[in-house]
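In: model the following, please.
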Amino acid sequence: MSEHPALLASQLADGKVRCEVCAHRCVISPGKKGFCKVRENRRGELFSLSYGRLVAAHVDPIEKKPLYHFLPGSLSYSIAAPGCNFRCKWCQNEDIAQISPSNEPGRSPYTPPERVVEAAIATGCQSIAFTYTEPTISLEYNLDVSRLAHDAGLKTIYITNGYMTTEMLELTIPTLDAANVDIKAFDESIHRKYTAGHLQPVLDACVALHKAGVWLEVTTLLIPGINDDETQLQGVAEFIATKLSPDVPWHISRYFPQPNFHEIPATPAKTIFHAIDVGHKAGLRYVYGGNLQTSTDTDCPNCGMRVVRRMGYGDAIVDLNDGACPKCGFRIAGVW
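Out: Sure thing, here's the model as predicted:
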């Protein structure tokens, strides 16, 4: 299958169409593609070029997403179709996320939705994660996979930049169980400069996902001199605490230089520890450091008892009584 009719497209004058899947809301002329390069106007009709054209399929520990409060210790069948609606200069998956002549969608073999579900079951996974690239722009395929996954008793997960429209969320949320949204900066000008997207739609998506009952965790990759200042750290922490919930986990990850963004040094470990402290002072109950040697265990916010022990990816010991601390009875937020 080389093409698939796209959802959420409005026909305009002169054969143009407006794609309403992501917050760019591209107006696309006949024969042209949207910003993501995987949604194309063909004779006044919008098509997805990436439907079923997987560029990655792996079995990952759920903690790698990262999701720490969603089925800890389980495996997630993780897939990606090509393309992204951001242009992050530090992207570590640029070779599959950014479309070029060497990775045009049609170069990948077609994988039917049912094949993904079969593979997840065969490999002992409890969930299917749409990850590595940006799942928003593969809406049609993800919906078909997710419906089959739910029929088979599997959970579904988005690892996303959150640059979604309300219309896309309305279609996706009924078949989505968990998401990790990457808040890349908490300053509009910085966010726009380094991602080519606005900040507010990302925040709006976080609120919508959480309000709808999708299990939500947030990630921020701290990059020296870009998003690690006090104002932005406090901004993210206070947004999570007040607009979402103190129970939403915040993952603060250490940046390491990438081949296409090597001029900025690695994030100092002390910056991560300071950001964790900022999160706790804002009232967040679950704040985790990533990409450095630090504890990833979960402690009860009420009595301090260690209730989840993580020993590397995919190895977690959960000590909870029906989701509550066995010592004091405090309910630990998550899907256990």
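
In: use CA for all of it now, contacts and neighbours both
Out: OK.

In: what about the helix-or-strand element of the chain with minimal mean pLDDT, distance to the chain center?
Out: Ranked by mean pLDDT, DSSP states H and E, the helix or strand of the chain with the weakest confidence is helix 94-97, at a mean of 82. In terms of Cα atoms, centre = their mean, to the nearest Å, the centre of helix 94-97 is set 15 Å apart from its chain centre.

In: same question, stretch 292-302
Out: In terms of Cα atoms, centre = their mean, the centre of stretch 292-302 is found 22 Å from the chain centre.

In: quick check: buried residues in that stretch?
Out: 296-301 (16 or more other Cα atoms under 10 Å).

In: quick one: contacts for the residue nearest to Thr131 when sequence neighbours are not counted?
Out: Nearest in space to Thr131, with sequence neighbours left out and distances taken as Cα to Cα, 6 or more residues apart in numbering, is Ile159 at 4.9 Å. Applying Cα atoms under 8 Å, 6 or more residues apart in numbering to Ile159 gives the contacts 65, 129-132, 134-135, 179-182.

In: residues in contact with Gly162?
Out: Gly162 sits in contact with 136, 181-182, 201-203, 205-206, where contact means Cα under 8 Å, 6+ apart.

In: with distance to His4, neighbour count and secondary structure as extra columns, can I get the contacts of Ile159 in a markdown table?
Out: Putting the contacts of Ile159 into a markdown table (distance: Cα to Cα, whole Å; neighbours: other Cα atoms under 10 Å; DSSP: H, G, I helix; E, B strand; the rest coil) gives the following:
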| residue | distance to His4 | neighbour count | secondary structure |
| --- | --- | --- | --- |
| Lys65 | 28 | 22 | coil |
| Ala129 | 21 | 29 | strand |
| Phe130 | 18 | 27 | strand |
| Thr131 | 20 | 21 | coil |
| Tyr132 | 22 | 25 | coil |
| Glu134 | 18 | 25 | coil |
| Pro135 | 16 | 27 | helix |
| Ala179 | 25 | 26 | strand |
| Asn180 | 27 | 24 | strand |
| Val181 | 27 | 23 | strand |
| Asp182 | 28 | 21 | strand |
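
In: where does pLDDT dip in this protein?
Out: Low-confidence regions of the chain, defined here as pLDDT under 70, cover residues 1-2, 100-106.

In: looking at the contacts of Gly162, which is nearest Pro249?
Out: Of all the contacts of Gly162, the one with the least separation from Pro249 (Cα to Cα) is Val181, at 10.9 Å.

In: could you dump the buried residues of stretch 292-302 to TSV with secondary structure and distance to Arg310?
Out: Shown next, in TSV, are these (DSSP: H, G, I helix; E, B strand; the rest coil; distance: Cα to Cα, whole Å):
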residue	secondary structure	distance to Arg310
Thr296	coil	6
Asp297	coil	5
Thr298	strand	8
Asp299	strand	11
Cys300	coil	14
Pro301	coil	17
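
In: how is this structure divided into domains?
Out: Taking automatic domain parsing as the domain assignment, the ranges for the chain are 4-48, 56-296, 297-336.

In: okay, how far is it across the first one, tip to tip?
Out: Its first and final residues considered, domain 4-48 spans 5 Å by Cα to Cα, to the nearest Å.

In: do the longest one as well
Out: Taking Cα to Cα, the first and last residues of domain 56-296 lie 27 Å apart.

In: partner residues bridging the residue nearest to Thr131?
Out: Partner residues in beta bridges with Ile159: Asn180, with DSSP bridges as the criterion.

In: roughly how far does it sit from Lys270?
Out: Using Cα to Cα, Ile159 is found at 27 Å from Lys270.

In: and Cys325, by the same measure?
Out: 30 Å.

In: which one's more surrounded, these two?
Out: Comparing Cys325 with Lys270 by other Cα atoms under 10 Å, the one with more neighbours is Cys325, at 23 against 9.

In: OK, contacts around the more buried one?
Out: With Cα under 8 Å, 6+ apart, Cys325 has these contacts: 300, 305, 307, 319, 331-332.

In: can you map out the helices along this structure?
Out: For the chain, the helices defined by DSSP state H cover 94-97, 113-122, 139-151, 166-172, 188-195, 200-211, 230-239, 269-281.

In: one step back: from the contacts of Cys325, keep the buried residues only.
Out: Taking 16+ other Cα under 10 Å as the criterion, what is buried in the contacts of Cys325 is 300, 307, 319, 331-332.

In: tell me the one among those nearest to Glu3.
Out: Within the set of those, Ile332 lies nearest Glu3; the separation is 44.4 Å, counting by Cα to Cα.

In: from Tyr313, how far out is the closest one?
Out: Distance, Ile332 to Tyr313, using Cα to Cα: 21 Å.

In: repeat that for Val116.
Out: With distances defined as Cα to Cα, the gap from Val116 to Tyr313 amounts to 23 Å.

In: quick one: which of these two has more around it?
Out: When neighbours are counted by other Cα under 10 Å, Val116 comes out ahead of the other of Val116 and Tyr313, with 21 against 17.

In: now for the more buried one: which residues touch it?
Out: By Cα under 8 Å, 6+ apart, the contact list for Val116 reads Val145.

In: so how far is Ile332 from the residue lying closest to Lys327 once chain neighbours are set aside?
Out: Counting by Cα to Cα, 6+ apart, Lys327 lies nearest to Met305, which is 7.2 Å off, once chain neighbours are set aside. Met305 sits 11 Å away from Ile332, going by Cα to Cα.
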